[in-house]
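Asks: What would the 3D arrangement of this be:
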Amino acid sequence: MASLIKMNKQTVINELILRIYKTALEPNEWLTLRPILADTFSSSIIAHAGQGKGFQSLGIDKQARQSYEQYYGPRSILFRDIADNYPTGTVFADQMASNYEEYLDSETYHDYFKPHQAEHLLSVVTSNDEDEVTFVSLRRSEKKGFYSKEEVELANLLMPHLVQAHQMAREFGQKDLLTHAFEDAFDKLSTGIAIISKPNHVIFANQAAEQLFSRGDGLSTKANKLHANSPQADSTLQAAIHQLFEVVDGESFNASKPLSIARTIAARPYQVSLMPLVQDVLASHSNHELLLVMMHDPDAQALNNELLLTTLYQLTTTEAQVVEAMCNGLSVADIALTLNNTDNAIRFHIKNIFQKLHVKRQSELVSLILKGPFSQLL
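Replies: Below you'll find the predicted structure:
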């Protein structure tokens, strides 16, 4: 019988650990984990809280959470004790606090926790560094008494997994943020950029590429695969993709010759370049081979990136528009008409642009722009 009880206890612990790590992969798993922890530790309230993190809880309504975040939390004597004295990985019970008697006399205790019948605390510090103090806190009423030695031991057993899950969640969050930043950067480019995986699966396309595909006048995606509309052009495209996916040795890191993809409208063909993205860490895993696809429309405006121009060259919005127009071959009169301005005003902007970019004539300006950061995108 004793071994059966021990086995059931171990099963419960294993289930808790599994769910703890699920929170690292999916933050919404806290919704499932919180009631399980509350039941395991006979607690009416459980919160995942700390500096820089919302006070997510079970057993406290929205208004009470806001009251804690805005007033009682920052004034909590126990919170200050944890922040100042207990490092990451500490299991903290209220009776361990050096200022416990002061806590019992505080307004946080009398005006907040006591009315919620949450007088006793058991907390696991999942992070305590310069960036944040974060912890998982369990609370229950005076009637339930202090958390027992066995409960503290169980919290100590779960503690390293909670800490590890918290660190994993932070890393995943940073990587997710970086991914969104790269996607946003690619969306600012006027050239169509796509990444495809073996054998031909589009796993990313920037806004310019999506717009190009949606036109369906030469290139498109079918079943999430890149295709040319013309059978002959598609055969050439698929052969080039297949050939480059055979480059897995990390040596032949060269783009293919640009492919000319005919269009169904009266416009010049798309220019498509393919480049293998081979890294040492990916080279031995054929399922993770990637290709970069760059799609240029020669009939589109040569430049359409005011934000990049203003950022890279410290131009005003109007100056960026003038530069864009000059790179597209417009004359001073045409630019003035396009921007609803006078010829003299445009010449004044051009003079300022020349000073900022240290050039003396229009040909130097266009050469500087087209040979700069935009050279691979046009």
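Asks: correct me, but residue 138 touches residue 121?
Replies: Yes: with contact taken as Cβ atoms under 8 Å, residue 138 and residue 121 are classed as touching, separated by 7.2 Å. The C-beta positions use only the backbone N, C-alpha and C, and glycine is treated the same way.
Asks: Neighbour count: the two, which is higher?
Replies: Neighbour count, other Cβ atoms under 10 Å: between residue 138 and residue 121, residue 138 has more, with 27 against 24.
Asks: any weak-confidence spans in the stretch 1-150 of the chain?
Replies: 1-7, 49-56 (pLDDT under 70).
Asks: scratch that, the stretch 201-350 of the chain
Replies: Where the stretch 201-350 of the chain drops to pLDDT under 70, the residues are 247-256, 278-288, 301-305.
Asks: let's see 50
Replies: 249-250, 280-286 (pLDDT under 50).
Asks: what about the strands in it?
Replies: Assigned strands in the stretch 201-350 of the chain, in chain order: 201-205, 219-222, 225-228, 259-261, 270-277, 290-296 (criterion: DSSP state E, counting those that start in this stretch).
Asks: Let's see the third one as PDB, backbone CA atoms only.
Replies: Coordinates of each C-alpha in strand 225-228 appear next as PDB, following Å, rounded to 0.1, in the frame of the first residue of the first chain:
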ATOM      1  CA  LYS A 225       4.700  26.000 -53.500                       C
ATOM      2  CA  LEU A 226       6.400  28.500 -55.800                       C
ATOM      3  CA  HIS A 227       5.500  28.300 -59.500                       C
ATOM      4  CA  ALA A 228       5.800  30.200 -62.700                       C
END
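Asks: Relative to residue 289, how far out is the residue nearest to residue 208 when sequence neighbours are not counted?
Replies: Excluding its sequence neighbours, the residue lying closest to residue 208 (Cβ to Cβ, 6 or more residues apart in numbering) is residue 192, at 4.5 Å. Residue 192 sits 21 Å away from residue 289, taking Cβ to Cβ, to the nearest Å as the criterion.
Asks: Compare the two (neighbour count), which wins?
Replies: residue 192 (25 against 21).
Asks: in the sheet, who's paired with that one?
Replies: residue 295 (DSSP bridges).
Asks: wait, it sits on residue 295?
Replies: Yes: between residue 192 and residue 295 there is a contact under Cβ under 8 Å: 3.5 Å.
Asks: what do the two both touch?
Replies: Counting by Cβ atoms under 8 Å, 6 or more residues apart in numbering, the shared contacts of residue 192 and residue 295 are 208-209, 212.
Asks: tell me which element the spatially most central residue of the chain falls in.
Replies: In the chain, the residue lying closest to the centroid (Cα atoms, centre = their mean) is residue 177, at 2.0 Å. Residue 177 belongs to helix 149-187 when assigned by DSSP states H and E.
Asks: helices and strands around that helix, which ones?
Replies: Contact here means 3 or more Cβ pairs under 8 Å, 6 or more residues apart in numbering; DSSP states H and E; on that basis helix 149-187 packs against helix 2-25, strand 91-93, strand 120-128.
Asks: Let me know the closest of the shared contacts of residue 192 and residue 295 to residue 155.
Replies: Closest to residue 155 out of the shared contacts of residue 192 and residue 295 is residue 209 (50.7 Å), distances taken as Cβ to Cβ.
Asks: close enough to count as contact, that closest one and residue 195?
Replies: No: checked against Cβ under 8 Å, the pair residue 209 and residue 195 is beyond contact range at 9.7 Å.
Asks: of the two, who's got more company?
Replies: residue 209 (25 against 17).
Asks: Domain map for the protein?
Replies: According to automatic domain parsing, the chain comprises the domains 2-178, 190-296, 306-370.
Asks: and the end-to-end length of the last one?
Replies: Going back to what we said before, that points to domain 306-370. Its first and final residues considered, domain 306-370 spans 14 Å by Cα to Cα, to the nearest Å.
Asks: Would you pull up how far it lies from the middle of the chain?
Replies: Distance, stretch centre to chain centre, for domain 306-370: 35 Å (Cα atoms, centre = their mean, to the nearest Å).
Asks: next one: the second one
Replies: Once both centres are worked out by Cα atoms, centre = their mean, domain 190-296 turns out to sit 25 Å from its chain's centre.
Asks: Need the distance between the two termini of it.
Replies: OK, domain 190-296 end separation, Cα to Cα: 9 Å.
Asks: close enough to count as contact, residue 194 and residue 293?
Replies: Yes: the pair residue 194 / residue 293 is scored as a contact, 4.3 Å apart, by Cβ under 8 Å.
Asks: out of those two, which sits in the busier spot?
Replies: Set residue 194 next to residue 293 and count neighbours by other Cβ under 10 Å: residue 194 wins out with 25 against 22.
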